[in-house]
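In: A predicted structure for the sequence below; I have some questions about it.
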There are 2 protein chains.
Amino acid sequence: MISSARFSNSLDSNTLERDREIDLYAHRSHFPALEANNRTYFNYGGQGVMCGAALEAISKNFRHIEELGCFSNAAGSWMISEYDATKATIAQEFQVSPNTITLTENTTVGCNIALWSVEWQQGDRLLLSDCEHPGIIASAVQIQKRFGIEIDYFPLTKTRNASAEGKDSEEVVELLVQHLQPKTRMVMVSHICWNTGQVLPLKAIATACHDRDVLVAVDAAQSVGVLPLNLADIGADFYAFTTHKWWCATLGLGALYIRPEIFDAIEPVFVGWRGLTSKTPIPQWRQDGAKFEVASSTYALYEAMRIAIANANSWGTQLQRYERICQLSKILWERLNALPHIDCIRQIPPESGLISFKVNQDLAKKSSKNAIAQMSNSLIAKHLETEHQVFIRALADPDCLRASVHYLTSISDIDCLISILETMD
Amino acid sequence: MISSARFSNSLDSNTLERDREIDLYAHRSHFPALEANNRTYFNYGGQGVMCGAALEAISKNFRHIEELGCFSNAAGSWMISEYDATKATIAQEFQVSPNTITLTENTTVGCNIALWSVEWQQGDRLLLSDCEHPGIIASAVQIQKRFGIEIDYFPLTKTRNASAEGKDSEEVVELLVQHLQPKTRMVMVSHICWNTGQVLPLKAIATACHDRDVLVAVDAAQSVGVLPLNLADIGADFYAFTTHKWWCATLGLGALYIRPEIFDAIEPVFVGWRGLTSKTPIPQWRQDGAKFEVASSTYALYEAMRIAIANANSWGTQLQRYERICQLSKILWERLNALPHIDCIRQIPPESGLISFKVNQDLAKKSSKNAIAQMSNSLIAKHLETEHQVFIRALADPDCLRASVHYLTSISDIDCLISILETMD
């Protein structure tokens, strides 16, 4: 639907603005959420925006199922072809086989499948970073209660200003490895930290863990649709994500990559007809990701996901989109840093689309910005939405605001956010 | 959308046809799947048909989320209100509190939540009937592998011709109770058997099990939308179902009722932010069904479910719809029995909407019906769909055909199926 793009690797802010913003506005016109009410959207890390063609596909496919006769051979064949095409599309984005893909409802279900797949024994240990999402911690605690395992946390927060590249990345791996113990069986980390945007050196982590027979499970909620990904090369054992954030597909559709080398050694927990062959005795598992699926789901959503991915790819490759995200994120980070009363959480230029920052209350007061100095972050986010149609998110830990920069983000979006933060008093 | 109906309790086939079929056709005109291609639909036990208003609500709500700003305070509030309204509607149908309802993706997820909620210890026992769905058996086997429990099966098939009422029902309960052992901690049964349509005397089963400190989990895939239900009165501990079958709502939306008396004693397995309060230490569970939910799901589908239920209720009460289902099922069962070459699986008039039957090959050959005598059941089902736009399902165990009779079924639908079975040679 949109012609493919060519990038230079060394675009500065002006070049970005001059050469690409016109293309971008044509591309953005396909997204109703971005067109509405002169809106400035920085919440891709919470939920992406859907293009019109994806929305139309959902309406069409719900009706198509009725036309085909709902529970019928015709509709059944159509659902299977949608299912296969969807797994193939996801797999292609990651340069892996479709057999490695399990469809889920969301990222957290994928993380739960990973966490519970190990035959945990009392005294086994699970290592998490101290930046993981509360939902993941809750799942770990449930496993601890059920099987008597120990949960360890390594202080990733300490390395908040480490790059994912070079010497810095080695420090992160070393810190993690220091916290592995003889009975550690699994490490669960985010590829990109949801609260700071820090990118973890995942390939090096996977190598270090595999050397010690430790499985690596990844919360990829914030990395899929941001980083260029070759999952076979990275080598993580589980990579769980959703399609409704950076991929701009639909709520209620996620997936999990499982490394083929571990497929036979791990067990599904919640199971159903989707994972079974028709052979007896039950269960005879399908030899693909369906082994970890359960039962019926919303097949009418699948095409929307493929359209969303095709749409993004029509604008630029994974690498091109990632480069644009980094360029724009750097611009936003620099301009936030230039505001006297704003502190960015990380001290190095962003390597992802998440930029966390907070109001420095003392400096805000000194600049006579008494109102913003006294507002909680969630109140600031609410004010920006209600008064300015600017959408950013408040986080609890660290207590801050988070802006998500997508390849769909424009320089004008950044101008708008900065100008409001500059003038709010 | 459709005016409410008045029923007589003693309608015979002629009265049904005379008084209600005109109303029915007006009501059915709201369902695109029933209007298409002169279609005869008998697969409600596989998937219901959606009314146009429900389909429109889905399209509208996907767009509405984009209009509200996707990840925004406005969209968040809307999603919460949809979520609350949906649980309230489900709860009202069952005469229970919304706090008892967990939203799931399908029946099997709900069954898995129930099966895994017990803190199973080695040597504990789980009792299933011999008519449960392969997905449920697979889940039980996974629990057996993980915790070293024993699975027992009671021969419900033996009581295939037992009514859910009176003396017959006592026999079923006695049979089940005979298979309880001192270490049996849970019984898992269907309320209506998916393969035969047999209705189980669930209230009596729950009472007998609770007297022995045994939990009762129910696969309610075939009963919700068929039987009038008061779940508090029935007393089952878990009641898992989907909305896309007899309720005629959407694929990908199911729910689980959990009896409040056991809420604190059971543990969730797959967990996420949906079940958590924001308090620390993690996890502090919400004190309602969300404790067993995970993370984001397809909120845009929820209104369609409420519309589907309102639509059904506008046509008649749960009792009135159940009475119509039984009346029509009885007519179909009698007319199938009257065909020389067809055997119904059950020997007593149906108490649900599922009628299983098969071709008696010897008698078919004697009547020179050589083609149908040689066809597998799945081939017969395919032939009916392709050649006659008649939708019924083939089952493997027992090897038979299954017709689902809904309150939306018409006498003409039955005429059509019977006439084709009569004339196929």
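Out: Cool, the structure landed.

In: excluding its backbone neighbours, what's nearest A:N195?
Out: A:L395 (5.4 Å; Cβ to Cβ, 6 or more residues apart in numbering or on different chains). For every residue, glycine as well, the C-beta is placed using N, CA and C.

In: For that neighbour, which residues count as its bridge partners?
Out: Applying DSSP bridges to A:L395 yields these beta-bridge partners: A:C400.

In: Could I get the contacting residues of the one residue in the stretch 51-200 of chain A that gets nearest to chain B?
Out: Of all residues in the stretch 51-200 of chain A, the one sitting closest to chain B is A:F71 (3.1 Å; Cβ to the nearest Cβ). Shown in contact with A:F71 (Cβ atoms under 8 Å, 6 or more residues apart in numbering or on different chains): B:N43, B:Y44, B:G46, B:Q47, B:F391, B:R393.

In: near chain B, which residues of the stretch 51-200 of chain A show up?
Out: Applying Cβ under 8 Å from any Cβ of the partner chain, we find that the stretch 51-200 of chain A lies next to chain B at A:55, A:58-59, A:62-63, A:65-67, A:69-75, A:105-109, A:112-113, A:116, A:119, A:133-135, A:137-139, A:141-142, A:145-146.

In: Please type out the ChimeraX selection for whichever of those residues turn out to be buried.
Out: Restricted to buried positions by 16 or more other Cβ atoms under 10 Å in any protein chain shown, the ChimeraX selection for those reads:
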select /A:55,58,59,62,63,65,66,67,69,70,71,72,73,74,75,105,106,107,108,109,112,113,116,133,134,135,137,138,139,141,142,146
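
In: what bits of chain A have low per-residue confidence?
Out: Residue ranges of chain A with pLDDT under 70: A:1-20.

In: can you give me the strands for it?
Out: Ranges of strands in chain A, per DSSP state E, are A:40-41, A:101-104, A:125-129, A:150-154, A:184-190, A:215-219, A:238-242, A:254-258, A:342-344, A:354-359, A:390-391, A:393-395, A:400-404.

In: From the rest of the structure, what touches the first one?
Out: Right, the one you point to is strand A:40-41. A:33-34, A:49, A:388-391, A:408-409, A:413, A:416-417, B:69-70.

In: Nearest to A:W285 among the contacts of A:F71?
Out: B:G46 (23.2 Å; Cβ to Cβ).

In: Quick check: residues of the stretch 201-350 of chain A near chain B?
Out: Near chain B, when you scan the stretch 201-350 of chain A using Cβ under 8 Å from any Cβ, you find A:242, A:244, A:250-253, A:267-273, A:275-276, A:278, A:282-283, A:294-301.

In: Apply the buried test to these and list what passes.
Out: Here, 16+ other Cβ under 10 Å leaves A:242, A:244, A:250-253, A:268-273, A:275-276, A:282-283, A:294-301 buried among those.

In: In helices, which of the residues you listed appear?
Out: Assignment to helices by DSSP state H places none of these there.

In: Stretch A:143-159: which residues count as buried?
Out: Under the neighbour-count criterion of 16+ other Cβ under 10 Å, stretch A:143-159 has A:I143, A:Q144, A:R146, A:F147, A:I149, A:Y153, A:F154, A:L156, A:T157, A:T159 buried.

In: oh, I was asking about stretch A:386-394
Out: Buried residues in stretch A:386-394 (16+ other Cβ under 10 Å): A:H388, A:Q389, A:V390, A:F391, A:I392, A:R393, A:A394.

In: Identify, from these, the entry nearest to B:Q198.
Out: Proximity of the buried residues of stretch A:386-394 to B:Q198 (Cβ to Cβ) peaks at A:R393, which lies at 52.1 Å.

In: I figured that closest one hits A:W194, correct?
Out: No - A:R393 is beyond contact range of A:W194, at 10.0 Å (criterion: Cβ atoms under 8 Å).

In: Need the residues touching each of the two.
Out: Common contacts of A:R393 and A:W194 (Cβ under 8 Å, 6+ apart): A:G45.

In: any idea how far A:N195 is from A:H133?
Out: Distance of A:N195 to A:H133, computed by Cβ to Cβ, to the nearest Å: 9 Å.

In: ok, now A:A240?
Out: Distance, A:A240 to A:H133, using Cβ to Cβ: 11 Å.

In: what residues are shared contacts of the two?
Out: A:T108, A:D219, A:A221.

In: For the last one, give its distance to B:G135.
Out: Yep, that's A:A221 we're talking about. Counting by Cβ to Cβ - A:A221 and B:G135 are separated by 28 Å.

In: Then the second one?
Out: Taking Cβ to Cβ as the measure, A:D219 and B:G135 are separated by 28 Å.

In: residues of stretch A:176-185 that come out buried?
Out: Residues A:L176, A:V177, A:H179, A:L180, A:T184, A:R185 are the ones in stretch A:176-185 that count as buried (16+ other Cβ under 10 Å).

In: Name the nearest residue to the first one, ignoring sequence neighbours.
Out: Meaning A:L176. Among residues not flanking A:L176 along the chain, A:F154 sits closest, at 5.4 Å (Cβ to Cβ, 6+ apart).

In: Any idea what the one you found is bridged to?
Out: When bridges are called by DSSP bridges, A:F154 pairs up with A:S129.

In: so it touches A:Q178, yeah?
Out: Yes - with contact defined as Cβ under 8 Å, A:F154 and A:Q178 form a contacting pair (7.4 Å).

In: Phi first, then psi, for A:T196.
Out: Reported as degrees, to the nearest 10, the phi and psi values for A:T196 are phi -130, psi -20.

In: List the contacts of A:D124.
Out: Taking Cβ under 8 Å, 6+ apart as the criterion, A:D124 is in contact with A:V118, A:F147, A:I149, A:E150, A:K183, A:T184, A:R185.
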